[in-house]
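1. Sharing a model prediction with you, sequence too.
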Amino acid sequence: MAQTRQRGWSLVELLIVLAIITIMMAFAIPYFQGAVMDTTETAAIQAIHTIHTAEVQYFAQNNHFAPSLRDLAGKINTTALAAGRKGGYQFSVEETQTGYAIHAEPMKCGVNGKRSFYSDDTMIMRQAKCPEPATAESEEIKK
């Protein structure tokens, strides 16, 4: 009698495949988390540009800059940003002697972002590695 070979996978073959997948995931997950963090930082920078645009519109109508995000609520098209939180970052606007300043800090340093941002009425973007907040003296973001 001839033996017929059974079709399927042996336990050893399945364990080898599982080990290979685990090793691949060990390399892929940190890369993916870094890519997500870079995306949230880019979104925070874009939100600062949105706030700048709203400040310019506010100034055109009121002859002075808005002292807070609450005052810009009608000019910003997202309620989350007007409330001061968007995409893992917390935003604030404050009045300065020359105009206004925008602060953006990650809600969880190292999770939502690894940089905090600052910009003012000069529209120069500045950054600092968190947990330190960015200020007017922080490093300028090169384009």
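-> Everything's here; your move.
2. next structured bit after the biggest helix by length in the chain?
-> Counting residues, the longest helix in the chain under DSSP state H turns out to be helix 11-62. Once the chain leaves helix 11-62, the next helix or strand it forms, by DSSP states H and E, is helix 79-83.
3. Could you give the separation of that following helix from the chain centroid?
-> Centroid separation between helix 79-83 and its chain, computed with C-alpha atoms, centre = their mean, to the nearest Å, is 15 Å.
4. How far away from the center of its chain is the longest helix of the chain?
-> Using C-alpha atoms, centre = their mean, the offset of helix 11-62 from its chain centre is 8 Å.
5. List the contacts of the residue nearest the centre of the chain.
-> For the chain, the residue nearest the mean C-alpha position is residue 40 (2.3 Å; C-alpha atoms, centre = their mean). Counting by C-beta atoms under 8 Å, 6 or more residues apart in numbering, residue 40 touches 87-89, 106, 112-113. Any C-beta I mention is one placed from the backbone N, CA and C, and that applies to glycine too.
6. can you do 6 Å?
-> By C-beta atoms under 6 Å, 6 or more residues apart in numbering, the residues touching residue 40 are 87-88, 112-113.
7. Most neighbours among those, which one is it?
-> residue 113 (26 neighbours; other C-beta atoms under 10 Å).
8. Residue 41 is in contact with that one, correct?
-> Yes - under the criterion of C-beta atoms under 6 Å, residue 113 makes contact with residue 41 at 4.8 Å.
9. nearest residue to residue 135 other than its sequence neighbours?
-> residue 118 (5.7 Å; C-beta to C-beta, 6 or more residues apart in numbering).
10. Name all residues that make contact with the one you found.
-> With C-beta under 6 Å, 6+ apart, residue 118 has these contacts: 103, 126, 134-135, 138.
11. Tell me the strands beside the helix or strand where it lies, with direction?
-> Element membership of residue 118, judged by DSSP H and E, is strand 115-120. Paired with strand 115-120 in the same sheet, following DSSP bridges, are strand 100-106 (antiparallel), strand 126-129 (antiparallel).
12. Pick the most deeply packed of those.
-> Among these, strand 100-106 has the highest mean neighbour count (mean count of other C-beta atoms under 10 Å), at a mean of 22.
13. which residues are contacting that one?
-> Contacts for strand 100-106 (C-beta under 6 Å, 6+ apart): 44, 48, 51, 55, 65, 89-94, 112-113, 116-121, 130, 133.
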